[in-house]
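**Student:** turn this into a model:
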Amino acid sequence: MSENEKKLGMFALIGLILGSSIGGGIFNATANVARESAAGPALLAWLIVGLGMLFMVQCLNNIVQKRPDLDGIVVYAEAGFGKFWGLISGWGYWLSCWLGNIAFAALLLSAIGNFIPAFHLGNNPSGPLGLDPSSLMPFIFISLVMWGLIILVNKGVENAAFINAVVLIAKLIPLFVVLAVGIVVFKAGVFTAAFWGNVADNTSPALLDGTVGSGISLYEQIKGCFMVMLWVFVGVEGASVFSERAKEKSEAARATFLGFIFLLVFYMLISLVPFGYFSQAELAGFGEPALAFVLGEIVGPWGSALVNLGLIISVSGAWLSWTLLPVQAMQLMAKRKYISDKFASVNQAGSPTFALFVTGICTQFFMFTFLFPNFTVKDMTPYDFAFTLCSSTILVTWLLGGMYNIKLSLKGEDKTGFTQNILYGVLSSLFLFWMIIEAGLVYIAVSSITYIPAFVLYYKARRADNEQKPFAGLNTLWVALICLIAVVSIIMLLAGRLEL
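**Tutor:** Reported below is the predicted structural model:
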């Protein structure tokens, strides 16, 4: 077979992009959106986030085209701004990946719990130190699942083709069934009845101060949707790497654009079509995964069972693949001399045992929040808490990618698409900075605590590589600022000034 025959055409690339980007988050997006916003503001939020993420994907696509020698989004920060910023980007990406796995775990328990109620995570902190005794069994079960996946990956079983095929079918069938049924029963009058209205009093975070009937502004409703929508796009940054498998660069660019537009429209429909059959308060009150309750209420128990079963298969398979993602980020950081090369060492099966188990221990530690409901953000389920942290920690990584696209376009010899690439970079960077300020600032402040051990690892690795001043110049100020934010966050957490 010739090299050209191995390459993929545009439609095959689009399919690959869609399959790799659609994850478990969309199964609960309609309820998450309804808890924050009516249909109208949610539609505007989708357009804002979709446009901003499109700019970001186009930036990454341009970088892949012009710098195919770089090993992914983590390295873009180093190429543009030095190793220190490579650490900042890589550490954030590593955090985001395993926090996403915790969201998978919580969502998987919810789906299983709809078949076996004992597997539902509770919210009854009646034990010592706020322990929820009813969550012990699901916590032990999901911990065993996590370590089982780690052992499988450690043996080199992480990306079997048949697993990917089963996962793709399992997640697409229930999603398309929900969409098709939702369109059939859709009622325009229900959809427009409270198009710009407020969230019901008993579900809105903005009304917990006791001001019954107080309104929520249009912008507050839009802003409330940002983290939900960013979460469903986590992983889309990998779409740009498929350009290497394209027959022509022009086809790769078109496939990335068309694939993302289809993805955006699909996400919007899945999350908003249920507003045409249920009220906002009803959707906001649905459990996890919300689409199981949506289809169950419309067609009966078999609909709920279909979605839950599809989600169990989908999340289990995706979690297997995603078990390696944070480890790959850690390996890359080790190879680039951000952290000890011990994190890049592999066993006989080619798996990074040390990095796998360190990441597993971090994940396990955070899973203890399943047992202590008081530790999570007020009124957030463990799933909501995990995906919000996942979304916020990847924002800086995306932002640095967009900023590098500007620098690459300005200084690179290849000026193809110069004006539009500069525009994509500027708009992407402004959008992501806005998301950090409006949606994720408090979570980024809290995640800054984890950068303290990152700086220690970085310092040791750089000194081992004979660098005399690892934090020279402005990097010293950045380290001091991040450490100051971390210390303030710890003090505020202990004092109860942050709602964690």
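
**Student:** next up, the contacts around Phe262.
**Tutor:** With contacts defined as CB atoms under 8 Å, 6 or more residues apart in numbering, Phe262 is in contact with 14, 18. To be clear about C-beta, it is placed using only N, CA and C from the backbone, and glycine gets the same treatment.

**Student:** so which strand or helix has it?
**Tutor:** helix 249-272 (DSSP states H and E).

**Student:** list the buried residues for that helix?
**Tutor:** The neighbour-count check on helix 249-272 (16 or more other CB atoms under 10 Å) flags 251-253, 255-256, 259-260, 263-264, 266-272 as buried.

**Student:** for stretch 324-343, same thing?
**Tutor:** Within stretch 324-343, the residues scored as buried using 16+ other CB under 10 Å are 324-334, 336-340, 343.

**Student:** looking at those, which are in helices?
**Tutor:** Among these, DSSP state H puts 325-334 in helices.

**Student:** mind putting those into CSV with pLDDT?
**Tutor:** Formatted as CSV, these follow (pLDDT from 0 to 100):
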residue, pLDDT
Leu325, 83
Pro326, 88
Val327, 87
Gln328, 84
Ala329, 88
Met330, 90
Gln331, 89
Leu332, 89
Met333, 91
Ala334, 91
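
**Student:** take the residues you listed and write them to JSON lines, including distance to Met137.
**Tutor:** Shown next, in JSON lines, are those (distance: CB to CB, whole Å):
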{"residue": "Leu325", "distance to Met137": "28"}
{"residue": "Pro326", "distance to Met137": "27"}
{"residue": "Val327", "distance to Met137": "28"}
{"residue": "Gln328", "distance to Met137": "32"}
{"residue": "Ala329", "distance to Met137": "32"}
{"residue": "Met330", "distance to Met137": "31"}
{"residue": "Gln331", "distance to Met137": "35"}
{"residue": "Leu332", "distance to Met137": "37"}
{"residue": "Met333", "distance to Met137": "36"}
{"residue": "Ala334", "distance to Met137": "37"}
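
**Student:** and these, which is closest to Tyr404?
**Tutor:** Leu332 (15.7 Å; CB to CB).

**Student:** chain neighbours aside, what residue packs nearest to the closest one?
**Tutor:** Val74 (5.4 Å; CB to CB, 6 or more residues apart in numbering).

**Student:** that neighbour against Leu87, yeah?
**Tutor:** No: using CB atoms under 8 Å, Val74 is not in contact with Leu87, being 9.3 Å away.

**Student:** for the stretch 151-300 of the chain, which segments are assigned as helices?
**Tutor:** Counting by DSSP state H, counting those that start in this stretch, the stretch 151-300 of the chain has these helices, from start to end: 161-185, 188-193, 218-224, 226-233, 249-272, 280-285, 290-299.

**Student:** with just CA atoms, put the fourth one into PDB.
**Tutor:** This points to helix 226-233. C-alpha atoms of helix 226-233 as PDB (Å, rounded to 0.1, in the frame of the first residue of the first chain):
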ATOM      1  CA  PHE A 226     -19.600  28.800  30.400                       C
ATOM      2  CA  MET A 227     -18.000  26.000  32.400                       C
ATOM      3  CA  VAL A 228     -20.600  23.400  31.300                       C
ATOM      4  CA  MET A 229     -19.900  24.200  27.700                       C
ATOM      5  CA  LEU A 230     -16.100  24.400  28.000                       C
ATOM      6  CA  TRP A 231     -16.200  20.900  29.700                       C
ATOM      7  CA  VAL A 232     -17.900  19.300  26.700                       C
ATOM      8  CA  PHE A 233     -15.100  20.800  24.500                       C
END
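
**Student:** in that helix, what's buried?
**Tutor:** 226-233.

**Student:** now the angle from that helix to helix 249-272?
**Tutor:** 130 degrees (axes from the mean of the first three to the mean of the last three CA atoms, to 10 degrees).

**Student:** what mean pLDDT does helix 226-233 get?
**Tutor:** The average of the pLDDT scores along helix 226-233 is 90.

**Student:** helices or strands up against it?
**Tutor:** helix 29-34, helix 39-66, helix 382-411 (3 or more CB pairs under 8 Å, 6 or more residues apart in numbering; DSSP states H and E).
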